[in-house]
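J.: Have a look at this prediction, sequence included:
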2 protein chains.
Amino acid sequence: MPQRTIEVCYSPMLYPVYKSSESIVVVIDVLRATSAICTAFLYGAKKIIPVATVDEAFDYKQRGFLVGAERDAIKLEGFDFGNSPFHFMDEKIKGQTLVLTTTNGTQAIEAAKNAYKVVIGAFVNITVLCKWLSEQQRDIVLLCSGWKDRFNLEDSLFAGAVADELNKLEQPFKLGDSALAAMYLYQLGKADPDKFLLRSSHKERLAKLGLKEDIKYCLSFDKTPVLPVLEKGALVLMDQ
Amino acid sequence: MPQRTIEVCYSPMLYPVYKSSESIVVVIDVLRATSAICTAFLYGAKKIIPVATVDEAFDYKQRGFLVGAERDAIKLEGFDFGNSPFHFMDEKIKGQTLVLTTTNGTQAIEAAKNAYKVVIGAFVNITVLCKWLSEQQRDIVLLCSGWKDRFNLEDSLFAGAVADELNKLEQPFKLGDSALAAMYLYQLGKADPDKFLLRSSHKERLAKLGLKEDIKYCLSFDKTPVLPVLEKGALVLMDQ
């Protein structure tokens, strides 16, 4: 069997050059969409329908769904949640189907939807994610949501954490240049991710909005031992 | 005056999100197009016309120009040069207008052509490049040519070297996330760039083709104190 590969795609705009219907795609939007999605499943959400536009989200809201909607780091008025993991730590989501639209993360899920499998990754579920990835005989694309198609530091750091973990396996993956770079960044930043991200643009943006607790939570390992996977257009918990 | 910014664009495909008609773009294809271009000017080339397709290159060849043409790291038959800097260490190019098409670098030049200025960067001209950049009151985009629109390690390393140098100025630039990541990579790799690139895909590709001397030359600092700039569709030496 050929050696499995890992590539990091640093922007949804670049996804066409990495895409393959045979690969697993991990969608990453550490600050905060994918951290929030994992948290929602931890609190009992049954299903999350990611939608790309606010109009679609509004349609679902009209039909009685619980809907999260965020743009530019701010919760949109008239919706139930924004993009903060803390919004989803709520009894009312138990057993419910939620709908979510965010600036970057839900766009990345949309871009990757035809991959072999699309799963959700964040520091808060990194161990369960890496364990599952290590057991699959598939090439992996770590898809960073970035910020409006730009490279961002926190998603790259997380992609590097995954590459670093999978690089330790007995049957290691072949790391493409993109994955090597992310792994090196993680090795540099892992002792103090918060400090490593000090000058990052989105951390700055969130801190200005008073969201330091969000950042702290989103940079914590293994708060949520769940692995969300895309099935027929909706995220559900993977049967493991 | 607002603080000048530096962003690294890791693929020509991403350039639309970083582009601005007011910015300076540094086109980077360290292994080997931009290293070769600098070398050609050192050896007296008067002008280099970058073209995107082999067909265009062939037209120029028919009309009597000296033409370089490379695809997938190999010189195309029937042309005067490939993409190796050593091909351009030749008396016959003195005073001549050359034409060049390469897998990645000339595509990046084409993508950036409407920027305020497009200049050519490589380790072999890094000092003259950084000095000139530091004197301009402009935002900077460091455009990595990558490999067929994929991220590559050597162009990122060089972008990081430039960001690192400009970050030391008294009036420092604001580094975007992309530039911070590249700078961190460079700080990690600068003690031994050759070792840092050991697992990189293109270095592997060139080494297989017996091009280790090319790699060594292309990773050397300041072999060519020239600064090529795009003027009316052709590269010329900048008046300094």
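T.: Thanks, I have the structure now. Numbers count the residues shown, from 1 in each chain, chains lettered A, B, ... in the order given.
J.: any chance you could map the strands in chain A?
T.: Under the criterion DSSP state E, chain A contains strands at A:5-9, A:24-28, A:47-50, A:66-71, A:74-75, A:97-101, A:117-121, A:140-144, A:174-175, A:228-231, A:234-237.
J.: which helices and strands sit right next to the last one?
T.: Spelled out, it's strand A:234-237. Here strand A:234-237 touches helix A:33-42, strand A:47-50, strand A:228-231, going by 3 or more C-beta pairs under 8 Å, 6 or more residues apart in numbering or on different chains; DSSP states H and E. Where you see a C-beta, it was placed from the backbone N, CA and C, and this is true even at glycine.
J.: Next, the residues that contact the second one from outside, please.
T.: Translated: strand A:47-50. Residues from elsewhere that reach strand A:47-50, judged by C-beta atoms under 8 Å, 6 or more residues apart in numbering or on different chains: A:37, A:40-41, A:60, A:65, A:97-101, A:105-106, A:109-110, A:228, A:230, A:233-236.
J.: try the longest one
T.: Taking C-beta under 8 Å, 6+ apart as the criterion, the residues outside helix A:33-42 that touch it are A:27-29, A:48, A:68, A:70, A:81, A:83-85, A:87-89, A:93, A:98, A:100, A:102, A:104-106, A:120-125, A:145, A:217-218, A:223-226, A:228, A:235, A:237.
J.: Okay, the residue nearest to residue A:113 when sequence neighbours are not counted and residue A:47: tell me how far apart.
T.: Once flanking residues are discounted, residue A:113 sits nearest to residue A:230: 6.5 Å by C-beta to C-beta, 6 or more residues apart in numbering or on different chains. Residue A:230 is 11 Å from residue A:47, where distance means C-beta to C-beta, to the nearest Å.
J.: Overlap in contacts, the two.
T.: Common neighbours of residue A:230 and residue A:47 (C-beta under 8 Å, 6+ apart) do not exist.
J.: More neighbours: which of those two?
T.: Comparing residue A:230 with residue A:47 by other C-beta atoms under 10 Å in any protein chain shown, the one with more neighbours is residue A:230, at 22 against 17.
J.: Can you check the pLDDT for that one?
T.: As predicted, residue A:230 sits at a pLDDT of 98.
J.: ditto for residue A:215
T.: In this model, residue A:215 carries a pLDDT of 91.
J.: and the one helix or strand in chain A whose mean pLDDT sits lowest, is it in reach of chain B?
T.: The weakest-scoring helix or strand in chain A, judged by mean pLDDT, DSSP states H and E, is helix A:201-208 (a mean of 79). Yes. Using C-beta under 8 Å from any C-beta of the partner chain, helix A:201-208 reaches chain B at A:201-202.
J.: Distance of residue A:50 relative to chain B?
T.: 22 Å (C-beta to the nearest C-beta, to the nearest Å).
J.: Just give me the neighbour total for the nearest residue to that residue once chain neighbours are set aside.
T.: Spatial nearest neighbour of residue A:50, excluding adjacent residues (C-beta to C-beta, 6+ apart): residue A:106 at 4.2 Å. Using other C-beta under 10 Å, residue A:106 has 29 other residues around it.
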